[in-house]
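Student: Need coordinates for the below:
(one chain, ligands or ions: 1)
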Amino acid sequence: MEKLKKLSIIGFGLIGSSIFHAARRAHLTDNFSVYDPSEDVRIWAHAHGFTSIIADDLSSCVEGADLVILCTPVGAYKGIAQAIAPHLAPGAILSDVGSVKGAVIRDVGPFVPTGVHFIPAHPIAGTEFSGPNAGISHLFDGRWAILTPVPGTDDAAVEKLKSFWQGLGSQVDVMDASHHDLVLAITSHLPHLIAYNIVGTARDMEQVTQGEVIKYSASGFRDFTRIAASDPTMWRDVFLNNRDAVLEVLGRFNEDLSQLQRAVRNGDGQTLFDLFTRTRAIRRAIVDIGQDTSDANFGRNKS
Ligand code: NAP
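Tutor: Residues are numbered from 1 along each chain as shown. Presented below is the predicted three-dimensional model:
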């Protein structure tokens, strides 16, 4: 892709700093500007040699940028959109990385000035870590980035944003925001809710001491604790902003769980075996398309 004149990144956490590293690796621009209000982030950036890219305020961060990407928790988007709107350059693309899309269009859309192309996006990539220290240049390699432009969005701007994400290493899909929110509710949001719940339940169980929960965590519980260590602010905002889709898939989940509960109670081994066989095939399919390793235990060499 043609180099960007200026890339503006608002929020220099895991995703924002990974975009910076990946864009620098691919030489997508020579001019970065990053804004983050966190004193800790600013101290970190200065200590790690990034002083020249840190902007003092939102307006100077976005001024003259041809691509502006919101990389904060989605609950902060509305205030940021309001603050940056008067400073966005005509023809600029305003995008984001938020894990929900309908609410982002609702919160940001009304502030987007005429002549600015607003194209929401979501990289399906991440870790349980937060902050600029967690950023890595290869985070998006081989992962999907989903763009959810509203009807009528300029095709050339969508193509430009697609090329940008491809430059970061991603594969790109385009879909409707409400479809995105439903798909992600089942593939990402519900699994996080279940993980937060099971880890919370284990912690609260009186018969199991916290020491045992930690000591014997090599079984399935450990994998839930990784997900349940994810950033509380980010995930609070996801559930506040994708309520309808999460409640819909949670309803389905509860019905299916009741069926499993009945099978366990009734000693219905066939039902259990049939389900576990079907779910095993899903795991194989994920490995087959290269979205995870085929190594035992996710490639960890110790259990
Ligand atoms: P993160 O590591 O916590 O970084 C977010 C950064 O934004 C923090 O430095 C935070 O500062 C800053 N921030 C908060 N409010 C701000 C504001 N009003 N203006 C400017 N900066 C502000 O979070 P993340 O994991 O990168 O997530 C960022 C976004 O990416 C979220 O919308 C999330 O839904 C999306 N996302 C995350 C993942 C994932 O796996 N983590 C994957 C895909 C998409 P403070 O620390 O001071 O609050």
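Student: How confident is the prediction for the closest residue to the ligand within the stretch 101-250 of the chain, by pLDDT?
Tutor: Nearest residue of the stretch 101-250 of the chain to the ligand (Cβ to the nearest ligand atom) works out as G126 at 1.8 Å. Glycine gets a C-beta too; all of them are placed from N, C-alpha and C. Note for G126: predicted pLDDT of 90.
Student: go on, K302?
Tutor: Looking at K302, its pLDDT stands at 49.
Student: and F118, how many neighbours?
Tutor: For F118, the neighbour count with other Cβ atoms under 10 Å is 23.
Student: Nearest spatial neighbour of the residue most central in space within the chain, chain-adjacent residues omitted?
Tutor: In the chain, the C-alpha nearest the mean C-alpha coordinate belongs to S99, at 4.6 Å (Cα atoms, centre = their mean). Spatial nearest neighbour of S99, chain neighbours left out: V238 (5.0 Å); criterion: Cβ to Cβ, 6 or more residues apart in numbering.
Student: hmm, back to that, test my guess that the residue nearest to the centre of the chain contacts M234.
Tutor: Yes. Using Cβ atoms under 8 Å, S99 is in contact with M234, at 7.3 Å.
Student: Spatially nearest residue to R42 (excluding sequence neighbours)?
Tutor: Taking Cβ to Cβ, 6+ apart, and ignoring the residues beside it in sequence, R42 has I54 as its nearest neighbour in space, at 6.2 Å.
Student: what bridges to that neighbour?
Tutor: Beta-bridge pairing of I54 under DSSP bridges involves V34.
Student: Would you mind measuring from it to E39?
Tutor: Here the criterion is Cβ to Cβ, to the nearest Å. By it, I54 lies 12 Å from E39.
Student: How about T271?
Tutor: Computed as Cβ to Cβ, the T271 to E39 distance reads 55 Å.
Student: So between these two, which is more surrounded?
Tutor: Neighbour count, other Cβ under 10 Å: between T271 and E39, T271 has more, with 14 against 8.
Student: What strand or helix carries the more buried one?
Tutor: T271 is part of helix 269-288, with elements assigned from DSSP states H and E.
Student: Buried residues of that helix, list them for me.
Tutor: Neighbour counts over helix 269-288 (16 or more other Cβ atoms under 10 Å) mark no residue as buried.
Student: Many thanks, have a good one.
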